[in-house]
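J.: Provided below are the primary sequence and the corresponding predicted coordinates.
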Amino acid sequence: MVNAFTYLDNQLHAERVPASMLAEQYGTPLYVYSRAALTDAYRSYADACTGRRAKVHFAVKANSNLAVLSVFVRLGAGFDIVSGGELARVLAAGGKPNDVVFSGVGKSAAEMRIALDMGGCCFNIESLAELEHLNQVASESGRIAPISLRVNPDVDVKTHQYISTGLKSTKFGVAFDDARATYRAALGMKYLRITGIDCHIGSQITEISPYLNAIDKILELVVQVESDGALIQHIDIGGGLGIRYHDETPPNIGMFVKTILDHFTQRGHSHREIWFEPGRSLVGNAGILLTRVEYLKPGPVKNFAIVDAAMNDLIRPAMYNAYHTVDAVTPRNNQPLVTYDIVGPVCESGDWLARDRPFILETGDLLAIRSVGAYGFAISSNYNSRPRAAELLVDGAQVHVARQRETITKLMDGELVLPDYI
Ligand code: LLP
């Protein structure tokens, strides 16, 4: 796997560009993505699928920047979306409706209509109520909707409880025991065409065995629903493959894909088309967040490095207790190390980015928070009325502004002060 963020002459670089130059020119906090890292991760999936009927749909929720999406469009990826907004982004980046899978538990009639009118996109359906709703909307639009059911295989995945989705207790998917009956119901609906089956068991999964358990359960169901008259052309195994943030040892992408595809072969299903919906493993390690130290604040119990990025820019530490490696952009080695908590300016104790990290720091130093390409900017907010960071995509020595820094004026767009007459 390409590591696009490496040191040259004691200077962190993004591909061939010194990170300090990017921070000078574009300001901080600043998201920086590497095209080489995005491409390398996608190719690892695609190459491992060679010779098989398989398709990789990038889960747009992980990083929906148009420049990032257009890299994947050019590489031939499909897209997994969960909203009309994500659909619009995929189209704006040049993606085709035929390459889109529409997931999510709560699609609205308006979202269904837009996707139906475009044609081609497959709906992953998560409940009987949604199935009936889509049939109704499709009949009104005079269209036939291609569908697969997202089945909840009830397998346990050792990951953070907020990102485990394949257990009975989560809101996701049709319960395994109800799935056959739900497919039968779909067979009776005139405006739906069953094309496949889907499952997604969680995120940041670092072992393959839960996938194999889920696949065995799904295949059991495939045999049953085909005997009922449905034709399952594709099996979508979802996303979820983990990345290395710290000391995790997830399987590499090639080995993961090969093991999954071999498993289908061993079970006698090599003829099926297999779909993947990765988010994090395609983009996670392709991004860093550059931030500058504003103040050093020694304390009786802890030392704080207060930086200009905050929980609104990167919420993963606060939300999932997530670990992100933090490196000095130009490391110093002239003094003893001091242990710091790296925190932001937001008025919440939960506003931390890293804890207990040894550094030699001075005010004005630049830090790089690693592995933020997935669920970094995508979940960022304007909390504390902070404009969102700029995003860059670096390609060799070239720098592309993928998103301009938000302005404070833009933050107030659409808001109105109370008029005098009220
Ligand atoms: N497909 C479906 C239906 C999903 O719900 C997800 C992620 C994916 C694919 C992509 O999963 P990935 O390959 O990225 O694991 N915000 C959390 C992660 C939430 C994942 C939600 N679903 C985090 O920052 O860790």
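T.: Arrived safely.

J.: packing partners for the top strand by length along the chain?
T.: Criterion DSSP state E: the longest strand present in the chain is strand 287-297. Applying 3 or more C-beta pairs under 8 Å, 6 or more residues apart in numbering; DSSP states H and E, we find strand 287-297 packed against helix 19-26, strand 30-34, strand 304-307, strand 366-369. Every C-beta, even on glycine, is put in place using the N, C-alpha and C of the backbone.

J.: what residues sit buried inside stretch 4-11?
T.: Neighbour-count burial for stretch 4-11, counted by 16 or more other C-beta atoms under 10 Å, picks out A4, F5.

J.: and stretch 84-95, by the same measure?
T.: By 16+ other C-beta under 10 Å, the buried positions in stretch 84-95 come out as G84, E86, L87, R89, V90, L91, A93, G95.

J.: before we move on, back to that, got CSV for the helices and strands packed on strand 287-297, with mean neighbour count too?
T.: Formatted as CSV, the helices and strands packed on strand 287-297 follow (neighbours: other C-beta atoms under 10 Å):
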stretch, mean neighbour count
helix 19-26, 17
strand 30-34, 27
strand 304-307, 22
strand 366-369, 24
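
J.: now these in CSV, with distance to the ligand and mean pLDDT?
T.: Output for the helices and strands packed on strand 287-297, formatted as CSV (distance: least, C-beta to the nearest ligand atom, whole Å; pLDDT from 0 to 100):
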stretch, distance to the ligand, mean pLDDT
helix 19-26, 23, 98
strand 30-34, 15, 99
strand 304-307, 20, 98
strand 366-369, 14, 99
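
J.: and the ones you listed as JSON lines, adding distance to I114?
T.: Rendered in JSON lines, the data for these read as follows (distance: least, C-beta to C-beta, whole Å):
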{"stretch": "helix 19-26", "distance to I114": "34"}
{"stretch": "strand 30-34", "distance to I114": "28"}
{"stretch": "strand 304-307", "distance to I114": "40"}
{"stretch": "strand 366-369", "distance to I114": "36"}
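
J.: of the buried residues of stretch 84-95, which belong to helices?
T.: With DSSP state H as the criterion, helices contain G84, E86, L87, R89, V90, L91 from among the buried residues of stretch 84-95.

J.: for the ligand, what are the nearby residues on the stretch 151-300 of the chain?
T.: Those residues of the stretch 151-300 of the chain that sit near the ligand, judged by C-beta under 6 Å from any ligand atom, are 163, 200, 203-204, 238-241, 277-281.

J.: go again with 5 Å.
T.: Applying C-beta under 5 Å from any ligand atom, we find that the stretch 151-300 of the chain lies next to the ligand at I163, H200, S203, G238, G239, G240, E277, P278, G279, R280.

J.: tell me the pLDDT of the fifth one.
T.: According to the prediction, G239 has pLDDT 97.

J.: what count of nearby residues applies to it?
T.: For G239, the neighbour count with other C-beta atoms under 10 Å is 25.

J.: okay but it is in contact with W275, surely?
T.: No. G239 is beyond contact range of W275, at 10.2 Å (criterion: C-beta atoms under 8 Å).

J.: ok, D216 - contacts?
T.: D216 makes contacts with R267, as judged by C-beta atoms under 8 Å, 6 or more residues apart in numbering.

J.: in a helix, it, correct?
T.: Yes. According to DSSP: H, G, I helix; E, B strand; the rest coil, D216 belongs to a helix.

J.: from F264, how far off is it?
T.: Counting by C-beta to C-beta, to the nearest Å, the gap from D216 to F264 is 10 Å.

J.: ditto for N285
T.: 27 Å.

J.: which one of the two has more residues nearby?
T.: Higher neighbour count among N285 and F264: N285, with 26 against 19, using other C-beta under 10 Å.

J.: state the phi and psi torsions of that one.
T.: For N285, the backbone dihedrals (degrees, to the nearest 10) come out as phi -90, psi 10.

J.: that one and I243 touch, don't they?
T.: Yes. Counting by C-beta under 8 Å, N285 does reach I243; the two are 5.5 Å apart.

J.: now do the shared contacts for these two.
T.: S371.

J.: mind checking which of the helices and strands packed on strand 287-297 is nearest E391?
T.: Closest to E391 of the helices and strands packed on strand 287-297 is strand 30-34 (C-beta to C-beta; 4.3 Å).

J.: return the distance of the helix or strand just after the closest one from the chain's centre.
T.: The first helix or strand that comes after strand 30-34 along the chain, using DSSP states H and E, is helix 35-48. Chain-centre distance of helix 35-48: 15 Å, with C-alpha atoms, centre = their mean, to the nearest Å.

J.: and what of stretch 323-334?
T.: With C-alpha atoms, centre = their mean, you get 26 Å for stretch 323-334.

J.: for that stretch, which outside residues touch it?
T.: 7, 10-12, 19-20, 23, 245-246, 290, 314, 316-317, 342, 353-354, 357, 359-362, 365-372.

J.: return the residues of the stretch 1-150 of the chain in contact with the ligand.
T.: Applying C-beta under 5 Å from any ligand atom, we find that the stretch 1-150 of the chain lies next to the ligand at A59, A62, S103.

J.: show me just the buried residues among these.
T.: Buried subset of those (neighbour count, 16+ other C-beta under 10 Å): A59, A62, S103.

J.: just those residues: which are in strands?
T.: A59.

J.: turn the buried ones among the residues of the stretch 1-150 of the chain next to the ligand into JSON lines, columns for distance to D154.
T.: Listed next are these as JSON lines, based on distance: C-beta to C-beta, whole Å:
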{"residue": "A59", "distance to D154": "22"}
{"residue": "A62", "distance to D154": "25"}
{"residue": "S103", "distance to D154": "19"}
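
J.: closest one to Y183 out of the buried ones among the residues of the stretch 1-150 of the chain next to the ligand, please.
T.: Y183 lies nearest to S103 out of these, by C-beta to C-beta, at 17.6 Å.
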